[in-house]
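J.: My questions are about this predicted structure, shown below with the sequence.
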Amino acid sequence: MKALQYAEKNVATVADLPIPQIGDGEVLVAARSVGVCHSDIDLLEGRYIIPFQYPLIPGHEWSGEVVQIGKDVTAFAPGDRVVGECVIGPDHFGFSISGAAAEFFVARPEWLHRLPDELSYTMGALVEPFSVAYYALVRAGGADASDTVLVLGAGPVGLAVTAAAAAMGAVVVVVEPSDERREAALKLGAHHVTHPDDVEALLEKVTAGRGADLVVEVSGRPEVMARALELAAFQGRISYVGIDVGREAPAKLGLIQSKELRITGAIGSPGVWPETLRFLANSKLDLTPLVTQRFALENALEALEAAHHPQTTIKAHIELNAALPA
């Protein structure tokens, strides 16, 4: 089979590898769509939040088809369309253990969820980033038509927050310096978009001076994280999703008390995948505008290169259609 493999730091190849063998309690999955995340770039460059070793196969945003099951597997059968979680106890699928950027890969049934009939394989590969956005909103207490939700940053997760909050009925305002990403936010349900320089004036108009009921910080930039305190309404909520480790910015921490703010942090999407899949199936959300480039596995190195350029790429997908040899 062919697979995108990180042979060593900064060395990626499309390699010919044996089709993996499954154990009695395992499942063999044929990948159908695999998203390239910025963390895949970090991994190639030698950075990740838990230990890992080369060589490895990346790919933690994926959808696929079960093609073989071990004798002890009863929950799935060949032909099932599936997606899978990537945080598995101490291991991270696609990071500390090899992932889905291959024609075939091994998974365990407890990681997997059936992909609803309403969702395409492309949508399936967007479930993981969308689940991060959905979890952040759930952790913050949700949103409804009474809320103005301010999204700071329109990367893939910020755009997923936009789509989820709009589907929940909130008025969504997206703050993003990129013209292209502001346009993408409008396609995904944003009611208003603005450049960071103009956010105060727009928020004053949209909320009649109240401020945002929920601020979702997705940029991970310390100065933006600090600014979230100033943009939230009295008794407003702030959800921190964007990640930064080690950098600093001055912040008006007194606003936490004087505004009686409720602040949550969210990382990953533990425990919400079934709800996420039901939400996507029932809401009929179309997240496919997030996918701006598509590549065959043979051109996976081009997909990695595209992901290096967030100005022109929101999400690159690798698309596959391999079948097991007879």
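T.: Perfect, thanks for sending it.
J.: could you point out where the stretch 1-150 of the chain is predicted with low confidence?
T.: Within the stretch 1-150 of the chain, no range satisfies pLDDT under 70.
J.: Now do the domain split for this structure, please.
T.: Listed by automatic domain parsing, the domain ranges of the chain are 2-126+287-319, 129-265.
J.: Redo those domains as JSON lines? Include distance to Thr276 and mean neighbour count.
T.: (Glycine included, C-beta is placed from N, CA and C.) Below are the domains of the chain laid out as JSON lines (distance: least, Cβ to Cβ, whole Å; neighbours: other Cβ atoms under 10 Å):
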{"stretch": "domain 2-126+287-319", "distance to Thr276": "9", "mean neighbour count": "19"}
{"stretch": "domain 129-265", "distance to Thr276": "4", "mean neighbour count": "20"}
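J.: Just put those in TSV and tack on distance to Leu277.
T.: Below are these laid out as TSV (distance: least, Cβ to Cβ, whole Å):
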stretch	distance to Leu277
domain 2-126+287-319	6
domain 129-265	9
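J.: Report the secondary structure element holding the spatially closest residue to Ala145 that is not a sequence neighbour.
T.: Spatial nearest neighbour of Ala145, chain neighbours left out: Gly169 (3.9 Å); criterion: Cβ to Cβ, 6 or more residues apart in numbering. In the assignment (DSSP states H and E), Gly169 maps to no helix and no strand.
J.: before we move on, what about Ala133?
T.: helix 127-139.
J.: That helix: what's the following helix or strand?
T.: strand 148-152.
J.: Following the chain onward from that next one, which element is next?
T.: helix 156-167.
J.: What pLDDT does the model give the residue nearest to Ala145?
T.: Here the pLDDT value assigned to Gly169 is 97.
J.: and what of Pro325?
T.: 88.
J.: helix/strand/coil for it?
T.: For Pro325, the assignment made with DSSP: H, G, I helix; E, B strand; the rest coil gives coil.
J.: circling back to that earlier point, alpha carbons only: can I get the helix holding Ala133 in CSV?
T.: Output in CSV follows, covering the C-alpha atoms of helix 127-139 (Å, rounded to 0.1, in the frame of the first residue of the first chain):
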residue,chain,number,x,y,z
VAL,A,127,-15.8,15.9,12.1
GLU,A,128,-12.6,16.0,14.2
PRO,A,129,-12.0,19.8,13.9
PHE,A,130,-15.8,20.4,14.1
SER,A,131,-15.9,18.4,17.3
VAL,A,132,-13.3,20.7,18.9
ALA,A,133,-15.5,23.7,18.1
TYR,A,134,-18.7,22.0,19.3
TYR,A,135,-17.0,20.9,22.5
ALA,A,136,-15.8,24.5,23.2
LEU,A,137,-19.4,25.8,22.8
VAL,A,138,-20.8,23.0,25.0
ARG,A,139,-18.1,23.7,27.7
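J.: give me phi/psi at the residue nearest to Ala145?
T.: The phi/psi pair for Gly169 (degrees, to the nearest 10) reads phi 110, psi 0.
J.: residue contacts, the spatially most central residue of the chain?
T.: By Cα atoms, centre = their mean, the chain has its centre lying nearest to Pro129, at 1.5 Å. Contact analysis of Pro129 by Cβ atoms under 8 Å, 6 or more residues apart in numbering lists Gly35, Cys37, Glu61, Pro156, Val157, Ala160, Leu290, Lys315.
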